[in-house]
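S.K.: would you be able to build a 3D model of this:
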Amino acid sequence: MPVPRPCGRALLNRGFDAETARLATDIGLAVLRLTTERWMAAEHTDFDGFAEALSAGAADLLAVAADTTPPQGESQS
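M.R.: Presented below is the predicted three-dimensional model:
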């Protein structure tokens, strides 16, 4: 299966194999999608704080991967 562009291509150019590039791209897009859905559900009218929400979404993923609980107040769920 082809690697999505341009994120996947950038990872390939950095020396990652195609499967790893695809995995990282898919996970990154899933975090972005979920963060955007959470942001829209909270009915924000602008993007102030979106970067922090995106970081919190990534922290949630890392907590799951590490089998830990995210720090209090960090999760957007």
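S.K.: please name the residues that touch the most centrally placed residue in the chain.
M.R.: Closest to where the C-alpha atoms of the chain average out (Cα atoms, centre = their mean) is V31, at 2.8 Å. V31 sits next to 54, 57-58, 61 when contact means Cβ atoms under 8 Å, 6 or more residues apart in numbering. From N, CA and C alone the C-beta is placed, and that goes for glycine too.
S.K.: repeat that with 10 Å
M.R.: 54-61 (Cβ atoms under 10 Å, 6 or more residues apart in numbering).
S.K.: helices of the chain, start to end?
M.R.: Using DSSP state H, the helices of the chain run over 7-13, 18-41, 50-65.
S.K.: those: lowest mean pLDDT?
M.R.: When these are ranked by mean pLDDT, helix 7-13 comes last with a mean of 86.
S.K.: I'd like to know which elements that helix is packed against.
M.R.: helix 18-41 (3 or more Cβ pairs under 10 Å, 6 or more residues apart in numbering; DSSP states H and E).
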